[in-house]
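K.L.:
Sequence first, then the predicted structure:
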Amino acid sequence: MSLIFFIGTLMMTAVVTYGFNLDNFDQLNDAKKSPDKWIVIKNLLVPAGKTLDLTGLQNNTVIEFTGHVTFGYQEWEGTLITLKGKNITVLGKRGHLLDGGGQRWWDGKGGNGGKKKPRFIQVSLVDSTVTGLHIKNSPRHCFMINSSQNLRVQNTTIDIKDGAKSGGHNTDGFGVSSSRNVTISNSVVYNQDDCFATTSGSDTVFENAKCVGGHGISIGSMGSGNVVERVVIRNCRVLGNTNGIRIKTRRGETGAVKNVTFDDIEMKDISKYGVVIQGNYYNSGPKGDPTPFPIENLVIRNVRGHVAKSGTNILVWVAPGSAKNWTWGSKITGGSKENPCKGVPQSLPIRCGKK
Ligand SMILES: *[C@@H]1O[C@H](CO)[C@@H](O)[C@H](O)[C@H]1NC(C)=O
Ligand SMILES: *[C@@H]1O[C@H](CO)[C@@H](O)[C@H](O)[C@H]1NC(C)=O
Ligand SMILES: *[C@@H]1O[C@H](CO)[C@@H](O)[C@H](O)[C@H]1NC(C)=O
Ligand SMILES: *[C@@H]1O[C@H](CO)[C@@H](O)[C@H](O)[C@H]1NC(C)=O
Ligand SMILES: *[C@@H]1O[C@H](CO)[C@@H](O)[C@H](O)[C@H]1NC(C)=O
Ligand SMILES: *[C@@H]1O[C@H](CO)[C@@H](O)[C@H](O)[C@H]1NC(C)=O
Ligand SMILES: *[C@@H]1O[C@H](CO)[C@@H](O)[C@H](O)[C@H]1NC(C)=O
């Protein structure tokens with residue numbers, strides 16, 4: 001019997017690096033000019049009061065996030081990360097994290113006072129995709145999309161769970177404005193304000209989302225002459241939010257909401273309103289009689305779930321004549337608070353009045 005020993009000999013480790021490794025903030029401008037149009041953002045500390053400014057990107061740039069991106073602390077009203085370009089591919093690799101460290105700013109006041117707080121991410125992207133970002137603890141508004149076209153944002157995690165106990169406020173998840181053909185799919189959002197809100201633009205899709213702890217999924221608040229048209233919100237779960245779904249139009253302002261569909265929305269443990277559509281909105285809360293604001297071709301289909309006993313299942317409070325051609329199919333139970341209505345198109349199967 002013979003034993004053959006293979007003794008460990010040579011370990012050849014081939015380390016091939018691609019792209020521009022950005023791990024030092026001072027190299028940001030070089031990274032954007034790099035000829036291979038591929039930026040790998042590793043562990044990076046963005047200095048206090050500075051923006052990780054990924055605007056002015058070359059067309060067709062790929063941006064990969066690998067390690068942890070963190071931010072210095074300063075009270076300011078800027079944005080921590082901006083992205084702008086055409087045919088941009090943004091990829092969050094396994095294990096990466098964009099950590100806003102929001103707890104350093106949180107004071108329960110959000111955008112309404114207290115410390116000045118930066119927003120987290122602002123993108124203006126055309127013909128682009130953003131995949132797999134893992135975002136934590138936004139100081140306030142988290143992921144804002146504006147002036148974008150043909151953009152897909154998928155498999156994003158926005159985890160602001162910590163804000164629930166530590167004074168997170170106005171930590172809106174996704175916001176879409178002045179954009180066309182933006183699709184946001186497969187998101188998970190834990191926060192303390194709207195999970196998703198769109199205030200202007202067209203052909204917006206928000207689908208396959210799980211929203212936990214915030215204020216629900218919103219159209220609006222609408223006003224300033226802004227128009228939202230062709231929005232589809234589908235296959236979403238809204239859990240432990242104050243509201244399920246909302247359309248809010250500001251009192252005395254103009255604009256329009258056209259062709260919005262909510263389809264296959266499941267809600268659980270909603271504390272205030274399952275569905276709320278109101279035409280007398282102010283940031284400080286609804287007040288006074290609603291004023292005319294067109295909400296046309298609204299479809300509510302298979303919107304279902306449970307509201308807390310102290311809440312209201314459905315509230316529609318719009319100026320008479322604002323609602324045109326609504327289609328309504330919902331099954332929301334649990335709320336025992338009065339369910340007043342104003343401006344509901346006749347023949348719609350919404351139970352108004354006292355419970
Ligand atoms: C980048 O895209 C813009 C917008 O389509 C186009 O005008 C510009 O020529 C492109 N730049 C290059 C270098 O291809
Ligand atoms: C978009 O960028 C990718 C690189 O991510 C490139 O392969 C592709 O050719 C570009 N598309 C166009 C239309 O330029
Ligand atoms: C939209 O994005 C641009 C950057 O592309 C920014 O300068 C502008 O302030 C943003 N507008 C709003 C309303 O957020
Ligand atoms: C909408 O955007 C997607 C990419 O997300 C693109 O594939 C599609 O062609 C765009 N649709 C139109 C009508 O431009
Ligand atoms: C995104 O998430 C969906 C649903 O969880 C999954 O099926 C898909 O493979 C994911 N895509 C990417 C690119 O990670
Ligand atoms: C809204 O949908 C209706 C019915 O499908 C259609 O006739 C109308 O053109 C659409 N309006 C907008 C702004 O997309
Ligand atoms: C009313 O809405 C339904 C459902 O969206 C749509 O099919 C129909 O075309 C709309 N009617 C008008 C007159 O726009």
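P.N.:
Looks like it arrived, so ask away. Ligands and ions are numbered 1, 2, ... in the order given.
K.L.:
residues from the protein in reach of ligand 5?
P.N.:
With Cβ under 6 Å from any ligand atom as the criterion, the chain meets ligand 5 at residues T131, G132, Q154, N155, N186. Yep, even glycine has a C-beta here, placed from its N, CA and C like the rest.
K.L.:
what's the neighbour count on the second one?
P.N.:
When neighbours are counted by other Cβ atoms under 10 Å, G132 registers 17.
K.L.:
what do you get for the first one?
P.N.:
Other residues lying near T131 total 16 when counted by other Cβ under 10 Å.
K.L.:
quick one, phi psi at it?
P.N.:
phi -130, psi 130 (degrees, to the nearest 10).
K.L.:
ditto for the second one
P.N.:
Torsion angles at G132 (phi, psi; degrees, to the nearest 10) stand at phi 70, psi 30.
K.L.:
how about it, what does it touch?
P.N.:
By Cβ atoms under 8 Å, 6 or more residues apart in numbering, the residues touching G132 are L91, G92, K93, Q154, N155, T156.
K.L.:
anything in stretch 64-81 near ligand 3?
P.N.:
No. Residues of stretch 64-81 are not located near ligand 3 by Cβ under 6 Å from any ligand atom, the shortest gap being 8.3 Å.
K.L.:
List the buried residues in that stretch.
P.N.:
By neighbour count on 16 or more other Cβ atoms under 10 Å, the buried set for stretch 64-81 is E64, F65, T66, H68, V69, F71, W76, T79, L80, I81.
K.L.:
tell me how far the ends of that stretch are from each other?
P.N.:
Using Cα to Cα, to the nearest Å, one end of stretch 64-81 lies 14 Å from the other.
K.L.:
still on that earlier bit, want to throw the contacts of G132 into JSON lines with distance to ligand 6, neighbour count and pLDDT?
P.N.:
Converted to JSON lines, the contacts of G132 look like this (distance: Cβ to the nearest ligand atom, whole Å; neighbours: other Cβ atoms under 10 Å; pLDDT from 0 to 100):
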{"residue": "L91", "distance to ligand 6": "33", "neighbour count": "16", "pLDDT": "98"}
{"residue": "G92", "distance to ligand 6": "33", "neighbour count": "22", "pLDDT": "98"}
{"residue": "K93", "distance to ligand 6": "38", "neighbour count": "14", "pLDDT": "97"}
{"residue": "Q154", "distance to ligand 6": "24", "neighbour count": "16", "pLDDT": "98"}
{"residue": "N155", "distance to ligand 6": "28", "neighbour count": "15", "pLDDT": "98"}
{"residue": "T156", "distance to ligand 6": "27", "neighbour count": "24", "pLDDT": "98"}
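K.L.:
Which member of those is positioned nearest K50?
P.N.:
Nearest to K50 among the contacts of G132: G92, at 21.2 Å, using Cβ to Cβ.
K.L.:
Name whatever forms a beta bridge with the closest one.
P.N.:
Beta-bridge partners of G92, counted by DSSP bridges, are F65.
K.L.:
before we move on, what about D53?
P.N.:
Bridge pairing for D53 (DSSP bridges) gives the partners T82.
K.L.:
With F293 as the reference, measure out to it.
P.N.:
According to Cβ to Cβ, to the nearest Å, D53 and F293 sit 37 Å apart.
K.L.:
With neighbour numbers in mind, choose between those two.
P.N.:
Using other Cβ under 10 Å as the criterion, D53 and F293 rank with F293 on top: 28 against 16.
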